[in-house]
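A.B. asks: Just need the structure, nothing else, for what follows:
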Amino acid sequence: MKFFRAFAVALTFLACSAIGICQEPFTAGTWQALKTAPASAVGHMLLLTDGSVLVNSYFFSNHTDSWYRLIPDSTGSYINGHWVNAGSAPAGYNPLYFASEVLPSGQVVVIGGEYNNGADAWTTLGAIYSPHSNTWASLAAPTGWANVGDAQSVVLPNGKMMLANCCSTQEAILSSVSPVTWTTTGAGKFDINDEEGWTLLPNGKVLTVDAYVGSYSATGTNSEIYSPGTGAWVSAGSTVKQLWDSSAACGGSGAASYEEGPGVLRPDGTVLWTGANRCAAGHTAIYNTANGTWSAGPDFATGLDIADGPAALLPDGNVLLDTSPGIFGTGSKFYEWDGTTMNLTSAPPHAPSDSSFYGNMVCLPTGQIMFTDFSSSVEIYTPSGTYQAAWQPTITTVAATLTHGVSNNAISGTQFNGLSQCAAYGDDNQSATNWPLVRITNAATGKVVYARTHSFSTMGVATGSKLVSAKFDVPASIGLGASTLEVVANGIPSAAVAVVID
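C.D. replies: Residues are numbered from 1 along each chain as shown. As a prediction, this is how the structure comes out:
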């Protein structure tokens, strides 16, 4: 039997090679719950530069939300990790659906919120979290803004955070956190920012798909690109298929929700942008960064879309997608887009009662995806595929001997920021990981430690052969002796180099 199975596989390989479209059958990934659940229901997540995951508790009420950090165990496992308290944002600020970014300093900005303290707010409140000291401080919004709300944000290649006002065309760049300084940008925006996500491109520009908010009976397929060099938006052309939910697209039935889904940059330089349509199959579109053109992507199965919801790039280049029926319907189904086929994959336990907007994803340095859905059950998706060698970071320079407890160690190389921001969610809840982690493994004990990274020379993506750099702090508690060091970006590790910790 084994002989005949092997013979059949060999024949299949020869046949597909002859016609030039050989592709291995899809194998679904697997889901596994964390061994230790968090102390409460949790929502949004961000990977920090020390390898821990910052997670906010979820209480849809006037409540002081706690934040937690998941620390991987000594083997680097997040499934077997443990939770520590990460404090609370300043009094009165307990947002839901907000802008969030990790800065080159390693600090985290959380600002705005569609809800605050359980009530509709479109708040302008904000906070900055310093992981090194485990402390929070207030962060003022741009002067004169009436809203921040469920806003877009992105860290530009120069390391500055760009933020939107959810409900106008206002945009600003966080030029300094001490003192807090915002600089106006974003001239020429076609429509207001509401419901539109931002995706960072290899050329350092930012792509968005317009949602035509306020145009109840309209249809439209315009997209736009922001250039940091000019501070302005220009049209990026038609997405071919409409990706936002409108009344007109449903034959004039009901009010428009304007929702659309996330856009994820893949290693081949294409962006998969997902759509929402409560009256038919959800459309997708594909943007080719090489020639600046759009083409129609595959539709989801009839009735499914991503009306706000998460997606994440897997190490093999596939995109994991969380879809659900109609606009905010329950019964999530998960897919992997491989660039050719939309493959139905396995789903976490709560999927039958979840809507896509419940979900959040973040890319882990293990190549896995961490998933939350406003419950205390946190799941890890382990994909079946792996990365190509050309996608790995490479280390050019790092000291052969590192001293425990010493900060600001220099490291340089290529592709430290990965090929994508990795994870995305509709318009808000950003959880980008396009920066390097430093992972050190002790040769004698096998214990894994992440050294806190910071001072990144770029926050771009797909930087290719360009030499980039960062600094890292060796923990005082690290094991001494012979070790190996890797740089990890979006779950893809570099080749390990030998170091000695003294």
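
A.B. asks: alpha carbons only for contacts and neighbour counts from here, please
C.D. replies: OK.

A.B. asks: can you pull the contacts of Pro262?
C.D. replies: 197, 273-275, 306, 308-311, 424-427 (C-alpha atoms under 8 Å, 6 or more residues apart in numbering).

A.B. asks: Mind putting these into TSV with secondary structure and pLDDT?
C.D. replies: TSV is the format used below for those (DSSP: H, G, I helix; E, B strand; the rest coil; pLDDT from 0 to 100):
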residue	secondary structure	pLDDT
Gly197	coil	98
Trp273	strand	98
Thr274	strand	97
Gly275	coil	94
Ile306	coil	96
Asp308	coil	93
Gly309	coil	96
Pro310	strand	98
Ala311	strand	98
Ala424	strand	98
Tyr425	strand	97
Gly426	coil	92
Asp427	coil	95
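
A.B. asks: Out of the residues you listed, who's the most crowded?
C.D. replies: Top of these by neighbour number is Ile306, holding 36 neighbours under the definition other C-alpha atoms under 10 Å.

A.B. asks: CSV for the contacts of Pro262, including distance to Tyr93?
C.D. replies: As requested, the contacts of Pro262 are exported to CSV (distance: C-alpha to C-alpha, whole Å):
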residue, distance to Tyr93
Gly197, 23
Trp273, 32
Thr274, 31
Gly275, 31
Ile306, 28
Asp308, 23
Gly309, 23
Pro310, 24
Ala311, 27
Ala424, 23
Tyr425, 22
Gly426, 22
Asp427, 20
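
A.B. asks: Can you give the domain ranges for the chain?
C.D. replies: 29-382, 391-422+435-501 (automatic domain parsing).

A.B. asks: Now do the end-to-end distance for the longest one.
C.D. replies: In domain 29-382, first residue to last residue: 5 Å (C-alpha to C-alpha, to the nearest Å).

A.B. asks: so how far is it from its chain's centroid?
C.D. replies: 7 Å (C-alpha atoms, centre = their mean, to the nearest Å).

A.B. asks: repeat for the shortest one
C.D. replies: Relative to the centre of its chain, domain 391-422+435-501 is centred 20 Å away, using C-alpha atoms, centre = their mean.

A.B. asks: So for it, mean pLDDT?
C.D. replies: Averaging pLDDT along domain 391-422+435-501 yields 98.

A.B. asks: So what are the sheet partners of the longest strand seen in the chain and their directions?
C.D. replies: Secondary structure of the chain per DSSP state E: the longest strand is strand 481-489. Its sheet considered, strand 481-489 pairs with strand 437-442 (antiparallel), strand 492-493 (antiparallel), strand 497-501 (antiparallel) by DSSP bridges.

A.B. asks: how about JSON lines for the ones you listed, with mean neighbour count added?
C.D. replies: Shown next, in JSON lines, are the strands paired with strand 481-489 (neighbours: other C-alpha atoms under 10 Å):
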{"stretch": "strand 437-442", "mean neighbour count": "24"}
{"stretch": "strand 492-493", "mean neighbour count": "26"}
{"stretch": "strand 497-501", "mean neighbour count": "18"}
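
A.B. asks: how about TSV for those strands, with distance to Val398 added?
C.D. replies: Output for the strands paired with strand 481-489, formatted as TSV (distance: least, C-alpha to C-alpha, whole Å):
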stretch	distance to Val398
strand 437-442	11
strand 492-493	16
strand 497-501	9
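
A.B. asks: Determine which residue lies closest to the centroid of this structure.
C.D. replies: Centroid-nearest residue in the chain: Ala423, 2.1 Å away (criterion: C-alpha atoms, centre = their mean).

A.B. asks: secondary structure class for the residue nearest to Asp354 when sequence neighbours are not counted?
C.D. replies: Nearest non-adjacent residue to Asp354, counting by C-alpha to C-alpha, 6 or more residues apart in numbering: Thr330, 5.0 Å away. Under DSSP: H, G, I helix; E, B strand; the rest coil, Thr330 falls in the coil class.

A.B. asks: Report the contact partners of Thr330.
C.D. replies: Ser324, Ala351, Pro352, Ser353, Asp354, Ser355, Ser356.

A.B. asks: Neighbours of the fifth one, how many?
C.D. replies: Asp354 is surrounded by 22 other residues when neighbours are defined as other C-alpha under 10 Å.

A.B. asks: Identify, from the contacts of Pro262, the entry nearest to Thr284.
C.D. replies: The nearest member of these to Thr284, counting by C-alpha to C-alpha, is Thr274 at 4.4 Å.

A.B. asks: picking that back up, just send the contacts of Thr330 back as JSON lines, with distance to Leu419, pLDDT and secondary structure too.
C.D. replies: As requested, the contacts of Thr330 are exported to JSON lines (distance: C-alpha to C-alpha, whole Å; pLDDT from 0 to 100; DSSP: H, G, I helix; E, B strand; the rest coil):
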{"residue": "Ser324", "distance to Leu419": "28", "pLDDT": "96", "secondary structure": "strand"}
{"residue": "Ala351", "distance to Leu419": "29", "pLDDT": "98", "secondary structure": "helix"}
{"residue": "Pro352", "distance to Leu419": "33", "pLDDT": "98", "secondary structure": "helix"}
{"residue": "Ser353", "distance to Leu419": "33", "pLDDT": "98", "secondary structure": "helix"}
{"residue": "Asp354", "distance to Leu419": "30", "pLDDT": "98", "secondary structure": "coil"}
{"residue": "Ser355", "distance to Leu419": "29", "pLDDT": "97", "secondary structure": "coil"}
{"residue": "Ser356", "distance to Leu419": "25", "pLDDT": "97", "secondary structure": "helix"}
